[in-house]
Structure formats: C-alpha cells, structure tokens
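Student: my questions concern the predicted model and sequence given below.
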Number of protein chains: 2
Amino acid sequence: MGEAAEKRADAPASIDFRTEPSRYRHWKLAVDGTVATLTMDVDEKGGLLGGYDLKLNSYDLGVDIELADAIERLRFEHPAVKVVLMKSGKDRVFCAGANIRMLASATHAHKVNFCKFTNETRNGIEDASENSQQKYICVVSGTAAGGGYELALACDHIMLVDDGSATVSLPELPLLAVLPGTGGLTRVTDKRKVRRDHADVFCTTEEGVKGKRAVDWRLVDEIMPRSKLDEAVAKRVEAVAAGIKDKAAGGVALTPVSRKRSTDASEYKYVSVEFEREHRIATITVRGPEARPPANADAMVKQGAAFWPLQLARELDDAILDIRLNELEIATIVFKSVGDPQAVLAYDTFLAQQGDHWLAREIALKWKRVLKRIDVTSRSLVTLIEPGSCFAGTLAELIFAADRSYMLIGQMEGDNRPPATIILDNVNFSGALAMSNGWSRLRTRFFGELDTLGAAQAAIGESLDAETAEELGLITAALDDIDWEDEVRVFLEERASFSPDGLTGMEANLRFAGPETMETKIFARLTAWQNWIFQRPNAVGPEGALPRYGSGQKPNYDLKRV
Amino acid sequence: MGEAAEKRADAPASIDFRTEPSRYRHWKLAVDGTVATLTMDVDEKGGLLGGYDLKLNSYDLGVDIELADAIERLRFEHPAVKVVLMKSGKDRVFCAGANIRMLASATHAHKVNFCKFTNETRNGIEDASENSQQKYICVVSGTAAGGGYELALACDHIMLVDDGSATVSLPELPLLAVLPGTGGLTRVTDKRKVRRDHADVFCTTEEGVKGKRAVDWRLVDEIMPRSKLDEAVAKRVEAVAAGIKDKAAGGVALTPVSRKRSTDASEYKYVSVEFEREHRIATITVRGPEARPPANADAMVKQGAAFWPLQLARELDDAILDIRLNELEIATIVFKSVGDPQAVLAYDTFLAQQGDHWLAREIALKWKRVLKRIDVTSRSLVTLIEPGSCFAGTLAELIFAADRSYMLIGQMEGDNRPPATIILDNVNFSGALAMSNGWSRLRTRFFGELDTLGAAQAAIGESLDAETAEELGLITAALDDIDWEDEVRVFLEERASFSPDGLTGMEANLRFAGPETMETKIFARLTAWQNWIFQRPNAVGPEGALPRYGSGQKPNYDLKRV
C-alpha cells in the first residue's frame, strides 16, 4: 500500500514543538507598533524529517511549528498589534504548499498528524483575528499553491498582485490525487463562499486563477499592479488598523517551556507525564497553583509566563503534542490532578475579575485552544478523579473533554487525603471554553437533558462529592475503593485491545454532538475524506500520484468510483 | 490490503433495485386500516451476492432494497397509514445487522455503496415520519445488534422487551473494528442525544445494554415484560395514531418501472441512459411530458404511477442507482433534457395548485429524495443545456445539483430547434426540494451572494437564454456553437483523467456549503470515517477484524493511533 518506512534514518528522534524567534529558520517576525510582519522565507535545507528540500517556500511540520509559535507570541508578547502582514521573503512565490516529497515519504500517521497540527495553526490565525483583534492581511505577490493558498485563506484579507503571473491555486486533486486538506475546500465554500461550480473549476485547474477572475470568484479580496503593491498594502493596513481601537501596550515574554525527559516520564513544572508503554497508557497529571492569585492585573503581568494558569496551559499543550507526534502507540491518555480545588477556583475568579484585561482574556483563549486540541486528539481520554485532586472550574473541563471519567467515593485505605470533589464555575457554562462546535462541553454533554444542565449550573461553587457528581451526570461512574482498581484497569486494558483506527473514528463521531461549524467541518468532513484518500492506492500506492510526482511517470489509477 | 475479489462468480451480473411485495423474500408488509406492519424475516439462503447465509435476520443490499421499496409503497399505495410497526418475524432476534461475511467478502466499492443506500433508506423512514406523518414504532423483542439497532434508531419510537435477554447494541467497534456506519453513531449522539460517556460505554460493549439502563441512557423509549408486550404495543399504536389526523384513503399502485436494456443503453419511458464506457460517461436524458397536466387531482390519481412527474422521478431514481452499483467505472454523469419547458412548468404549477393533496405532496417529496440521491452520488455531474431542452422548475434542479453546467448560446448549425432556455419557478426557492443541508440548491449556490439569489428569484417564470442565465450565475458557462464541442469534450476528458477517489472526496466537500444537519453529518463525518476504516488493515487486512471474524483467530492490530 505504499506505506512509507516507519521512520527515516535522518528523522529526529523526537519532534519538539518548542521554539522561539531567535531559532526560526523559516519565518521572520518583525513588529513595528501596531503592525507586525510575518515573512515566510523557508530554508530549503531545513526540513524536519530529512530526505527532501523545502523548495519554493514549501513547508513541513517544522515550518508550521514556527508559524504556530509566531502567532502565539503575537498575542502574548505583542498585544498592541492590530494588523499582521503575512508575506513571502522569496521572489515570485508566496508559498508552494506542503512539501510533496515529504508527503510522499511520510507515514500515514505522520501525514494525518501533520495536517491536524497545520489545521490547528490556521484556526489559531482565525481565533486571533476574531478574539484578539489581530487581523491578518496576506500579500500574495507570486504563486500561492495548495497549502500556500490555504494559508492565505486563513487570513482576513487576501491581496493578489495582478501581473499575469501571480496566481492562487489548489492543484492537489489534478496534481497529487489528494484534497486541499488544510481547510482549503471548506474555507473556499464556507468562508470565501465561492460558488460551487467556480470552486469545482478552481480546484481542478492545476495552474490556478489570477487577476480579475480571482476577485470575481471571491478567491481573493483585491488585486493591484505590482507597481502599486506597496502603496495598496500600506493603504489596506491603515484602513484595517483604523477599524480597531487601540490596545494594551506591553506584553509578556513567553519564556521557554522547560521539560525534563526520562525514559518513562516528562516533567514540567505543573505537569507530569508518565508513560506505561507496555500498557499503552500516558498519564498526565496537572498540578494546582502553589500560591494564591496575585493581588491585581499588574502583578499578573509581572508574573508573566510563570503565572500559574498560563504556564500550566503551555505545558499541557506541549505534553499533548508530544504524545500525538512522538508516542504513536499510546492508546489512552489518563488525566489526573493534584492540588487544592479552592486554590484553582481562586484563579478562575481572579481571571474573571480582571474583566477585559488583555492578558486575562488571552489566557482564557489559550485554554480554549488547548482544550480544543485535546478534543481532536485521536487517543482515548479518561479522567480519574481521586482524593487530593483539584478538578475545579477550568480544570474540570478535563473531565468533560474526556471520553469517560471515574471518580472515587471516599478515601483509599491508608490514604488520608481528603475525598475527591469537583467544583463547577461559570467558566464551565459561559462558552468561554467552548468546543469547536460552539457549545460548552457541558451544553454538549447534556444536549438531551437540559434539566440536568440546569441542575449542574445551580450547583456552581459547591464541592461535589462522587455520588453527587454522578447524580448530576458530571462523571461516568462513582466507584468505591473496592471496585476502583479493577474497573479502571479493565477499562484501560479494553481500550488497548481495540482497533486504534476504529477508536479514532468512533471518538471523532461521539465527541461532537450538536451543531457543526466551519471548524468541525474541517476536522470531520474534510479531514476524514482526506485520511481516506491518504489510504487509497490512487494517491499513495506504488503507482499512485504522490510517489510518482516529479518522476516523469504518470500515475496509474484504479478507475472505479467508490 | 485484503481487497476482496472484484466480483464473485455467484454474484448477479447486475443488481436490480426494482421489486414489489409479491417478490419479497425478506420482508412482509401488511396493512390494516391506518396501521401497517413491516415484518423482517430474512431468508437465510436469499443473499444477493452469494457466498454467505443471512443468519439471524442479518441483511445485505438485497434485503434493504425490499425495505426501501416497502417504505415507498406505504407512502404511495397506503397514504391512510399513520403508524408503521416494524418488528421481527424471528424469535429472540430483531436483527443482527449487516451480514459480516458479506462485508468481509465485498469489495470496497460495494461496501461503500451498500452503506450509502442503507443510509438513504433509513433517512427515508425519517422523511416519511416527518413529512408524511407515517410514524414508525420499532418493537425489539430480541437482540437488535449493530445495523439492527441502527434500523431501530431510524424509527420514532423504540420498544424493548425487558426479559433479561433482549438487548440493543452497537458491537461494530469491539467485534469488527469498524463503525456503526449506517447512521448509528450520529443518531446516538444527535437524535437520541445519548450522553457522550454513556455512548462511549455503549459502543464499546459488545453485549449491549438491556432493561432499565437502556431507557435511562435514552437508547430506547420504553421497556415492558414480554407478557405485556402485545398490550403495550397496542396501546402505543393507538396513542401515536391518535395524534395524527385522518388521512386520505386510496392510494396509487406503484406499477413496475419498465426498462429496456441494451449493451450501451437503458431505455425507460421518460429517461434514456446512454453509456460511452470507453470515455467513462453516462448520459441521462430526461424527457418532458407528452400531454398537458390532468384536469384535477382526481384525474392525477387516476393516472397514478403513469402521471409524468411520478413516473419520471421513479425512472430517474432507478437510473442513478443502476449507475452507482452496476457501472463502477463511469466517471461522469451528463444530464440532458428534451421537451417543452413550458409544459414542464405547467406540471409544477399544477402540483402547486393541488395545495395539500396527498399525492401532489408525495410526488414533491419523492423528487426531493431523488435529487438528494443525486447530490450524494459519487460521480462527477454535469448538466448540458442545449436547444430543445426543458430545464424548467423541478427539472432545473438538475442544473443546480450538478458540479458544473454548460449552456449553448443560440443554435447549432443545421439544427432548427429553439435555443435553450431555463425557466425558474417557486419550487427552486421554496425549500420544497431542499438539499440535505436544509437549504435549496440555489440558496446554497448563492451562499456568498444573496443579491444574486434575489435577482434569480425576480426572474421566476422568465425564459432565460444562455447569456442571461450566465449573468444570473445559474450556469457555469454559456458557450457558443464554435466552443461548445471542444469545451465539453475537454471537461469530460479531464474528469476521466483525475483520480476517482480524489474526485469523490472533493465533490463531497464542495457540494455541501452552509449548514450541517444530522443527514449531512451521516453522509460526511460518519461515512468518511467509515470509508477510511474500510481501507485500514486493522479492519480489512488479512489479519484484520473483518476477515478473522468467526475464524477463532483474534485480529492482529497495528497499534499506532493515527
């Protein structure tokens, strides 16, 4: 089936998602007052996996890790920025999309994980635009092909030079027999609202569309001669910035997330990950705060990246990504917590009290993104609520993000930690941490039981013991100390025994009841079809389009429609 | 990859979708006043493809073809029916779901087409319930496993005997490493609104759920001891029927759809299908009416199945299904029409004037279903609008259902038929023929251009020539006689040259802009994931769960999560 070798000799032992501008090889981030410029200038020799050159600003996961980092930093380190100008550092090409040789040689799992991360990054651009008023203007002064145009699609405004050669295109289908899977098809129909037959022509035209037709078909927002480009950009930047009110100056430095790795564990300050690889389990333990919240917003800013909710969110995000890409055989992620629930709640209260303070808002939005990342992580998720845990407010979302949750009734023999409790907070209902379907996890959970949702909301602030939590429908089961070990073990063993693919498909369906949004469409309809195609011989088989690309040999297709 | 042999020696040369109650081998349809009983009693030896026994009321496509026929007949032949009781003719088993050996031995294309058809059948049940007030009550007095429970899920009300042995279950994942793909996962979350962790437990519990827990978890609507079953059913039927006002008596007989087949063509009365297999093209030509509409509703009922809109809809439906299942290498379906557009419009007007007459309503609903079937047909669709064509009103939907449409400007040399026109009607805007996203095709088409939608609506009733139609955005391109042949040929050749899988994925995304519904969720999210799984070695490979089922050997899974 053309499944590439498990791991290339020149691939890194593990993929690291942590980076910072001084280490970027592919992007340049420059900030000037309220305007930032993000320049893509991919280092051909800087491929993450090895075995391919990143020609023509094509990208791989390594390039996207830098982009994701830059987008995050713009929000936290440069909150005053109103407009982000995204452009190419190369002549005549904006971006050639995902590197084809990388795709052709990558394993199925890597392709899928690569697409998921790049989708999250593009959603992050739209999230920054919508919620942080950082508007992205994309300047396409050469070709924007495939993933290159998909990057433009994630921006608010696309400017295309009208010089007879600059084009936008989605040539994946004619050229590679795969889909524009990084949101391309969905954003064409649902964001740009391109008419369906135009979209059909566009997506089957290898050479793409340029000039006036690109505007007429809603593929770009404006065109201008090359000689007027700088002027047009300056005007557009000014116009967009003028529509956004001034924002906080300052910012907090996103200092490196520090992680200590041993064979079976990763240790962060507030997160521990323990791997039991023989049982295919990773246990993520999050720790509550060590101190009371700071006195006020200024003190919070002063703590910066060390402020507990921010540091924890960044560490948890890194832990999830690390498991996704580097621990492929882990079947189940177990969430645990350690700490004082009231102390956790105090931070939620503190953040709520900051009202519209930019950093408080950014931290809530960061949590929203981290939790969404967990929602689309294709591992089984279970939350264990034990004595000494602190699942309150924001951290309680880890219960509702899980496929199942078990809570211990009372104490274990010989353990004098207080019995576990759950405390709900406004943040669990307000939608501030909404899933990608636009609903809070509890709203989604109680889709069929609005009364139960009301009862849960009425219990905000109460310390709920296991039996009450079960009655309120907040957990899957409350278990006593006699049943606990067996039940949990049986669940984990069962999960490890099922087909990993079947679980991926099942969880991707069960996790998203209720409404669909452009985001869920991308992660469901589009991604699932792309994953199917990534398995089909016409794309990845020995005579398929991906391996034959650039070989001079045409692909040989099985002509049956399915 | 475990792809089964292309065609079994004992499989029929072609699959026929036409049947009638006297020929049923697997179902019994009995009608008593306002109550119908649909009894599933599958003939073990009546498998469609051969090579398996249909034990325990398990089903294959042949069984579902009969069910689909029965559902249609209830609407047209028995409009007085208010309640349909669905039950099993076997002891201790309601239905064991799709036959596993059939699934294990079927080609990928057959599996996918089988699932699509069964999904359409179940959507048809819900359509009959919602729009024809024929409510389905499902009596589960034994096991309802997998597709068996999915059949129950399509019904309005599920009654489960509480005898310690009758259960509902979705054992696909633990048993077969595939999904409950006939709407199961989606209806559990979005129709029954089962809480997510309960759904997770349910879908991973091979033995299923019974008794009180089945009610508590919202999996069924009521339970009763076996001794009280008849009484409970009678009571429920009465209660449901009492909520529905009396309906028309009578009905029209769905006489057999007659079809003459030759090597390269299928001829119906109002539909011709011409196959150019070497170019991978099927051309479907629909013909307008031969006579003016009947004088009144009674005359329409008297015409019955021969009434032009009904006969055409049934013939078109059969032609589409025939291509789907029996002509796998056809890349593109070309729609053409021949007739007088004003005559077509006269029928739309006639039907609209019948107000709430049951047959007029059923015919519109039938067209809605046929057009939806076209929407989810995984072939490229193009409509050619030529002189002598009659794309008006309902038939104009064939333009908007297509991926592209081309219209000839003026006449061809030597052809004195009048230049092509399109005429829009209320039916194109009202939602009466809505897509599965709930929007009309024109509303979907002009998602980003509401002004254009308004302009099109303002043109209702006008004979629009090619240039006007292009200006209004109704067609992809208006072409003169010099360009026509080349442009159309290039398009058809290009389509035939692309990867069939890539096209399937692309079209499945581009066709459904705008909102998502339970129906689109089933055809997109759920189906796409299932198709992916149907390609994965863990399900279909030589050591996968499907071929190893019942062999005594456990499947051997690749443990990597993707």
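Tutor: Done, it's in. Residues are numbered from 1 along each chain as shown, chains lettered A, B, ... in the order given.
Student: for the closest residue to chain B within the stretch 251-400 of chain A, helix, strand, or coil?
Tutor: In the stretch 251-400 of chain A, no residue comes nearer to chain B than residue A:328, which is 4.2 Å away by C-beta to the nearest C-beta. C-beta coordinates here come from the backbone N, C-alpha and C atoms, glycine included. Put simply, residue A:328 is coil when judged by DSSP: H, G, I helix; E, B strand; the rest coil.
Student: does it really touch residue A:504, like I thought?
Tutor: No. Contact criterion C-beta atoms under 8 Å: residue A:328 and residue A:504 do not qualify, at 11.9 Å.
Student: looking at the two, which is more packed in?
Tutor: residue A:504 (23 against 19; other C-beta atoms under 10 Å in any protein chain shown).
Student: please, which helix or strand holds that one?
Tutor: helix A:500-510 (DSSP states H and E).
Student: what's next to that helix, contact-wise?
Tutor: Contact partners of helix A:500-510, identified using C-beta atoms under 8 Å, 6 or more residues apart in numbering or on different chains, comprise A:331, A:376, A:378, A:380, A:403, A:495, A:523-524, A:528, B:172-173, B:177-179, B:185-186, B:188-189, B:196, B:199-200, B:203-204, B:525-526, B:529-530, B:532-533, B:536, B:538-539, B:545, B:557-562.
Student: in stretch A:351-362, which residues are buried?
Tutor: In terms of neighbour count (16 or more other C-beta atoms under 10 Å in any protein chain shown), stretch A:351-362 has its buried residues at A:351-352, A:354, A:357-362.
Student: so what's whichever residue of the stretch 301-450 of chain A sits closest to chain B closest to, chain neighbours aside?
Tutor: Of all residues in the stretch 301-450 of chain A, residue A:448 sits closest to chain B, at 2.5 Å by C-beta to the nearest C-beta. Distances taken as C-beta to C-beta, 6 or more residues apart in numbering or on different chains put residue B:193 closest to residue A:448, at 2.5 Å, once the chain neighbours are dropped.
Student: which bits of the stretch 301-450 of chain A sit near chain B?
Tutor: For the stretch 301-450 of chain A, the contact set with chain B under C-beta under 8 Å from any C-beta of the partner chain comprises A:328-331, A:378-379, A:402-405, A:444-449.
Student: quick one: the strands in the stretch 1-150 of chain A?
Tutor: A:27-32, A:35-40, A:58-59, A:83-88, A:93-95, A:97-98, A:135-140, A:143-145 (DSSP state E, counting those that start in this stretch).
Student: where along the stretch 401-550 of chain A do the strands fall?
Tutor: For the stretch 401-550 of chain A, applying DSSP E, counting those that start in this stretch gives strands covering A:404-408, A:422-423, A:477-479.
Student: mean neighbour count and mean pLDDT for those - can I get that in JSON lines?
Tutor: Shown next, in JSON lines, are these (neighbours: other C-beta atoms under 10 Å in any protein chain shown; pLDDT from 0 to 100):
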{"stretch": "strand A:404-408", "mean neighbour count": "25", "mean pLDDT": "98"}
{"stretch": "strand A:422-423", "mean neighbour count": "25", "mean pLDDT": "98"}
{"stretch": "strand A:477-479", "mean neighbour count": "20", "mean pLDDT": "98"}
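Student: among those, which is nearest residue A:394?
Tutor: Smallest distance to residue A:394 across those (C-beta to C-beta): 10.9 Å, for strand A:422-423.
Student: returning to what we had before: residue A:449 is in contact with the residue nearest to residue A:448, correct?
Tutor: Yes. With contacts counted by C-beta under 8 Å, residue B:193 reaches residue A:449, the gap being 7.5 Å.
Student: pLDDT below threshold where in chain A?
Tutor: Chain A contains residues with pLDDT under 70 at A:1-11.
Student: pick out the residue nearest the middle of it.
Tutor: With distances taken as C-alpha atoms, centre = their mean, the residue of chain A nearest its centroid is residue A:120 (3.2 Å).
Student: against residue B:312, how distant is the residue nearest to that residue when sequence neighbours are not counted?
Tutor: Among residues not flanking residue A:120 along the chain, residue A:373 sits closest, at 6.2 Å (C-beta to C-beta, 6+ apart). Look at residue A:373 and residue B:312: by C-beta to C-beta, to the nearest Å, they are 51 Å apart.
Student: now swap in residue A:177 and tell me
Tutor: From residue A:177 to residue B:312 the distance is 37 Å (C-beta to C-beta).
Student: what about stretch A:541-554, distance to the chain center?
Tutor: Remark: stretch A:541-554 is offset 31 Å from the chain centroid, using C-alpha atoms, centre = their mean, to the nearest Å.
Student: interface residues of the stretch 151-300 of chain A facing chain B?
Tutor: Residues of the stretch 151-300 of chain A lying near chain B by C-beta under 8 Å from any C-beta: A:172-174, A:177-179, A:185-186, A:188-190, A:192-201, A:203-204, A:218, A:280.
Student: count of residues packed around residue A:271?
Tutor: Residues lying near residue A:271 (other C-beta under 10 Å) number 23.
Student: can you pull the phi and psi angles for it?
Tutor: Dihedral pair for residue A:271: phi -130, psi 130, per degrees, to the nearest 10.
Student: got the contact list for it?
Tutor: The contact partners of residue A:271, taken as C-beta under 8 Å, 6+ apart, are A:284-287, A:312, A:315-316, A:319.
Student: repeat for residue A:168
Tutor: Residue A:168 makes contact with A:140, A:143-145, A:149, A:152, A:158, A:160, A:208-210, A:214, A:219-220, according to C-beta under 8 Å, 6+ apart.
Student: ok, those vs residue B:57, which is closest?
Tutor: residue A:149 (51.1 Å).
Student: is the closest residue to the closest one other than its chain neighbours in a bridge, and if so with what?
Tutor: Nearest residue to residue A:149, sequence neighbours excluded (C-beta to C-beta, 6+ apart): residue A:168, at 4.6 Å. Counting by DSSP bridges, residue A:168 forms beta bridges with residue A:144, residue A:209.
Student: measure residue A:168 to chain B for me?
Tutor: According to C-beta to the nearest C-beta, to the nearest Å, residue A:168 stands 16 Å off from chain B.
Student: thinking again about what came up before, filter the contacts of helix A:500-510 down to the buried ones.
Tutor: By neighbour count, with 16+ other C-beta under 10 Å, the contacts of helix A:500-510 hold A:331, A:376, A:378, A:380, A:403, A:495, A:523-524, A:528, B:172-173, B:177-179, B:185-186, B:188-189, B:196, B:199-200, B:203-204, B:525-526, B:529-530, B:532-533, B:536, B:538-539, B:545, B:557-558, B:560-562 as buried.
Student: centre of the chain to stretch A:226-233, how far?
Tutor: 34 Å.
Student: ok, residues contacting that stretch?
Tutor: Contacts for stretch A:226-233 (C-beta under 8 Å, 6+ apart): A:85, A:137, A:139, A:141, A:159, A:161-163, A:222, A:224.
Student: convert the C-alpha atoms of it to PDB, please.
Tutor: Coordinates of each C-alpha in stretch A:226-233 appear next as PDB, following Å, rounded to 0.1, in the frame of the first residue of the first chain:
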ATOM      1  CA  ARG A 226       2.900  45.200  -8.900                       C
ATOM      2  CA  SER A 227       4.000  48.800  -9.100                       C
ATOM      3  CA  LYS A 228       1.200  49.800  -6.800                       C
ATOM      4  CA  LEU A 229       1.600  46.900  -4.400                       C
ATOM      5  CA  ASP A 230       3.400  48.800  -1.600                       C
ATOM      6  CA  GLU A 231       1.000  51.600  -1.700                       C
ATOM      7  CA  ALA A 232      -2.000  49.300  -1.700                       C
ATOM      8  CA  VAL A 233      -0.700  47.400   1.200                       C
END
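Student: list the buried residues of it.
Tutor: Buried-residue list, stretch A:226-233, by 16+ other C-beta under 10 Å: A:229, A:232-233.
Student: I'd like the residues you listed laid out as CSV, including secondary structure.
Tutor: Output for these, formatted as CSV (three-state DSSP):
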residue, secondary structure
A:229, helix
A:232, helix
A:233, helix
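Student: pick the one among these closest to chain B.
Tutor: Nearest to chain B among those, with distances taken as C-beta to the nearest C-beta, is residue A:232, at 23.1 Å.
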